[in-house]
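Colleague: this one's sequence-less:
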Ligand SMILES: *Cc1c(COP(=O)(O)O)cnc(C)c1O
């Protein structure tokens, strides 16, 4: 090791401990931790703007950040070969055990899990049928998926990719009437539970009575930790999870779990098999193992992390709450992205600035900070920050509000 590198390491390491244990940190110090050991800063080299994400796990903002244990799993596995199917078998068995499912497989996201799950339901264990998807006409495969109108989120496109027709229902009567010999599956989008008349239990009762597989999308619904297994325990045949939300696994990873025969069928349409709809949904070994570690870690440490997120929120709240007319509110969304949020609002007669203006000033600052804005408020989350960044966020919000 060069002396220069050694000194750099020495000057940064004790600081990392300081930030993690909740001492104050400046922007430059946190940046030093973030870039510690980085030999080639490609963002800088290519002129790509980076920022602190206090907003949400949005795909357009590259989702969430993987934690050290996950990155270690990725790095350590990147120097050896193994058979992809064996890896999927063994990691799938572990994830299934952790999540009370009969079987599981790693996909390239929740969208991919929904698509591969649908493909498996359509083809069963027949590779010739799988190769025909999405051209279902004359194939002997069923062609319809039933979903509630209130569950209309864009991700149902994942099912449509398999060539099925979506059948939209509103009431229990609609549902009973919609079921016919062409019905392949009944899909439930958990985040929109409250926008649909039919809830989990009734949806499953109807599905079981008619022997129709029921799929549920719970992409962003961990935490709470028990959601890893809740919907398997409830009896859903297929459960789809995103690895790139609060679990903070690889951004392009997800899980399809559920009935053994259906997971095996879904894998017929997945890589390494080639002439299938899912060939482009390949997941590399590093991400498969990275996601496994992320899930394991979240089950182990999720409750502690929740407490840490609350501490970060409290720090920001305490930093800004004495500013003239400022009010704060901590809230946790009931379903989907259920993590602590902080809303900071003010009286526009006293602080003549809009949420959008503060949002823009923070975005354009150094370092840039992305968060949500309302009319006379901003709101943020801390669960996807690098620990320590909450200090910068708190100081910057205070600075901007005091300038008004
Ligand atoms: C994020 C999300 C998805 C897509 O997840 P990916 O892992 O990005 O494919 C699907 N459904 C819901 C409800 C989501 O929130």
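Modeller: Here it is on my side, so go on. Predicted, not measured: the structure shown is a model, and the values here were computed from it.

Colleague: sheet partners, orientation included, of the biggest strand by length in the chain?
Modeller: Counting by DSSP state E, the longest strand found in the chain is strand 183-189. Using DSSP bridges, the strands paired with strand 183-189 are strand 144-148 (parallel), strand 214-217 (parallel).

Colleague: residues contacting the helix or strand following the longest one, please?
Modeller: If I follow you right, that is strand 144-148. Downstream of strand 144-148, the next assigned helix or strand under DSSP states H and E is helix 157-160. Contacts to helix 157-160, defined as CB atoms under 8 Å, 6 or more residues apart in numbering, come from residues 111, 112, 114, 115, 118, 145, 147, 166, 185, 187. (Glycine included, C-beta is placed from N, CA and C.)

Colleague: also near the ligand: which of the residues you listed, exactly?
Modeller: Among the contacts of helix 157-160, the ones lying near the ligand by CB under 6 Å from any ligand atom are residue 111.

Colleague: so which of the contacts of helix 157-160 comes closest to the ligand?
Modeller: Minimum distance to the ligand across those is 3.5 Å, recorded for residue 111 (CB to the nearest ligand atom).

Colleague: interface residues of this protein facing the ligand?
Modeller: Where proximity means CB under 6 Å from any ligand atom, the interface of the chain facing the ligand comprises 59, 109-111, 153, 155, 191, 217, 219-220, 242, 244, 254.

Colleague: swap the cut-off to 8 Å and go again
Modeller: 57, 59, 63, 108-114, 153, 155, 158, 189-191, 217-221, 240, 242-245, 251-254, 336-337 (CB under 8 Å from any ligand atom).

Colleague: now, of those, which are buried?
Modeller: 57, 63, 108-114, 155, 158, 189-191, 217-221, 240, 242-245, 251-254, 336-337 (16 or more other CB atoms under 10 Å).

Colleague: distance-wise, check residue 142 relative to the ligand.
Modeller: Note on residue 142: its distance to the ligand, by CB to the nearest ligand atom, to the nearest Å, is 23 Å.

Colleague: do the same with residue 362
Modeller: Residue 362 sits 24 Å away from the ligand, going by CB to the nearest ligand atom.

Colleague: ok, that residue - contacts?
Modeller: 368, 369, 370, 371, 378, 396, 397, 400.

Colleague: can we see that at 6 Å?
Modeller: Residues in contact with residue 362 (CB atoms under 6 Å, 6 or more residues apart in numbering) are 369, 396.

Colleague: residue 151 now?
Modeller: 189, 192, 196.

Colleague: can you rerun that using 10 Å?
Modeller: Each residue near residue 151 by CB atoms under 10 Å, 6 or more residues apart in numbering is listed here: 168-169, 187-193, 195-196, 198, 203, 217.

Colleague: residue 117 now?
Modeller: Contacts of residue 117 (CB under 10 Å, 6+ apart): 105, 107, 158-159, 162, 185, 187, 213, 215-217, 237-240, 256-259, 262-263, 265-266, 269.

Colleague: name the element it belongs to?
Modeller: Under the criterion of DSSP H and E, residue 117 resides in helix 110-123.

Colleague: report the distance from whatever helix or strand comes next after that helix to the chain centre.
Modeller: Past helix 110-123, further along toward the C-terminus, the next helix or strand under DSSP H and E is helix 127-132. Offset of helix 127-132 from its chain centre (CA atoms, centre = their mean, to the nearest Å): 30 Å.

Colleague: hmm, who's touching helix 127-132?
Modeller: Counting by CB under 10 Å, 6+ apart, 119-120, 122-124, 126, 136, 138-141, 163, 265-270, 273-278 sit against helix 127-132.

Colleague: beyond the strand or helix carrying residue 309, next helix or strand please.
Modeller: Per DSSP H and E: residue 309 is located in helix 285-320. Later in the chain than helix 285-320, the nearest helix or strand by DSSP H and E is strand 327-331.

Colleague: so for that following strand, mean pLDDT?
Modeller: Strand 327-331 carries an average pLDDT of 98.

Colleague: then stretch 151-171?
Modeller: 98.

Colleague: heads up, I number from 6, so please use that
Modeller: Noted, 6 is the first residue going forward, which turns the last one into stretch 156-176.

Colleague: tell me the pLDDT of residue 31.
Modeller: 61.
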